[in-house]
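1. Predicted model and sequence follow; I will ask about them next.
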Amino acid sequence: MQDSLLDFIGDIYEASYRPHHWASVMEKLCLMTESKSAVLIIEDQKTGNRQIISMHGINRIMMVAYNAGLGKYDNTFSLIRTDKNEATLLPAAEMKSQHPSYYQFILKPSDIGHISVVDLHQDKEVRIGMAVHRSFSSSAYSEKEADIMRLISPHVCRAVLIQRELNSARSEARGMMSLVSKIPMGVLLLDVNGRVRYSNAIADGFIQQHNAIFLTDERLQAHSRETQKQLNEAIGQVIEALNSQKKERLPTITTVSLSHPLHAFPLVLFISADNDSAETFMLPQGEKFATVYISDPGGRLNISCGKLSEIFSFTAAEADVALCLANGLKLADIAAQNGTGLETVRSQLKSIFNKLGVNTQQDVIRIIVQTMMPVTDIEIPGTRSDKSCSRM
């Protein structure tokens, strides 16, 4: 029993990064507790809406109806009488008299006569619960099944919270790429061999005008060996992510700064494993491409510090810091450019946060870009030819 339980806990944590695996977890939970069905539910603390994360042994029509609004009749959370991760045993006979709507709309149609339920987690945002069910004709749950629920509950709780964090990380990564795609940046697409298959006009201009980067045999080349090594490692990391066989792969985004003595500011490259760009630019389906966004902090955005000060009530110094951020500079670069200390720049950034009501540099960039600059539609000329990939 101990070995099978340890294996089951391994399955639980696998579900944290492979959400479709929850179905297998719910099925095994039914076998271990001799139950007809099992369900994992999350409740939005603000709206009160309940959604089924995963289930086994419940009619899918019932699941759809539950997520569509029937869940409001589910009184299970309010009937829990135990502490977190402790099992509460609920007989349907008691609920039939005390909660007739719950019995009529959920328990009776699903043949749920006995319930063992655990309150897994509760915070300001969500409440999470797990339950197993037996039919009306079955015997009630005993302490044996309750012990199983107690043992696995902390692990189920952690796995669900890990899954939520991973989903949040994916959303942030997608949000970051959505932001940079709205800035008039150079865009390159690299195939899995690192060769440039597409570039827009802005990228072509950067490659022709900035000495820190150029193309050789359709491959990106940096000015120095040191920066070339950094560039190769970044591209290699993203291509490795593209080639990963894992079904659930977090988006990979790396940043590289390429300098040259003739230019006051380096080029900034955002290299992403997000593969949506290939479809956008009408490249062959089935092929994988890394997306490279190029920003030139020296080619400043068409935004004035005066306009920023007017709109956001920034001081002149704060407006300059905000504009530098939008152009891809780091705090240390801003301090060096303005001849001030790093702590001074951080203090100015803190004031910017307060005035915008945000707490990250990415939020500052997003607000400035979305407020000051319309989205630019880029004309797609098609896949690069060999000639267009060569350095002019």
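-> Nice, I can see it. Keep in mind it's a predicted model, so treat the numbers as computed, not measured. Numbering: from 1, shown residues only.

2. From now on I want contacts and neighbour counts done on CA atoms only, so please keep to that.
-> OK.

3. what are the ranges of the helices in the stretch 251-392 of the chain?
-> Remark: helices assigned in the stretch 251-392 of the chain by DSSP state H, counting those that start in this stretch are 276-280, 305-312, 316-326, 331-338, 342-356, 361-372, 386-389.

4. closest to residue 192 out of the ones you listed?
-> helix 276-280 (12.3 Å; CA to CA).

5. Give me the nearest residue to residue 325, chain neighbours excluded.
-> Residue nearest to residue 325 in three dimensions, not counting chain neighbours: residue 365, with 6.6 Å by CA to CA, 6 or more residues apart in numbering.

6. Show me where this protein has its strands.
-> 37-44, 50-56, 87-91, 114-122, 126-134, 186-190, 196-199, 213-216, 219-222, 253-258, 267-272, 290-295 (DSSP state E).

7. Need those strands in JSON lines (columns: mean neighbour count, distance to residue 356 and mean pLDDT).
-> Output for the strands of the chain, formatted as JSON lines (neighbours: other CA atoms under 10 Å; distance: least, CA to CA, whole Å; pLDDT from 0 to 100):
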{"stretch": "strand 37-44", "mean neighbour count": "22", "distance to residue 356": "28", "mean pLDDT": "93"}
{"stretch": "strand 50-56", "mean neighbour count": "21", "distance to residue 356": "34", "mean pLDDT": "91"}
{"stretch": "strand 87-91", "mean neighbour count": "21", "distance to residue 356": "46", "mean pLDDT": "84"}
{"stretch": "strand 114-122", "mean neighbour count": "24", "distance to residue 356": "31", "mean pLDDT": "92"}
{"stretch": "strand 126-134", "mean neighbour count": "24", "distance to residue 356": "28", "mean pLDDT": "93"}
{"stretch": "strand 186-190", "mean neighbour count": "24", "distance to residue 356": "28", "mean pLDDT": "86"}
{"stretch": "strand 196-199", "mean neighbour count": "24", "distance to residue 356": "35", "mean pLDDT": "87"}
{"stretch": "strand 213-216", "mean neighbour count": "18", "distance to residue 356": "36", "mean pLDDT": "92"}
{"stretch": "strand 219-222", "mean neighbour count": "19", "distance to residue 356": "37", "mean pLDDT": "94"}
{"stretch": "strand 253-258", "mean neighbour count": "19", "distance to residue 356": "26", "mean pLDDT": "80"}
{"stretch": "strand 267-272", "mean neighbour count": "23", "distance to residue 356": "25", "mean pLDDT": "83"}
{"stretch": "strand 290-295", "mean neighbour count": "25", "distance to residue 356": "24", "mean pLDDT": "84"}
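
8. Next, format those strands as TSV and append distance to residue 22.
-> Listed next are the strands of the chain as TSV, based on distance: least, CA to CA, whole Å:
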stretch	distance to residue 22
strand 37-44	9
strand 50-56	6
strand 87-91	20
strand 114-122	16
strand 126-134	12
strand 186-190	36
strand 196-199	39
strand 213-216	47
strand 219-222	43
strand 253-258	28
strand 267-272	29
strand 290-295	31
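
9. of all those strands, which lies closest to residue 17?
-> So among the strands of the chain, strand 50-56 is nearest, using CA to CA, at 13.7 Å.
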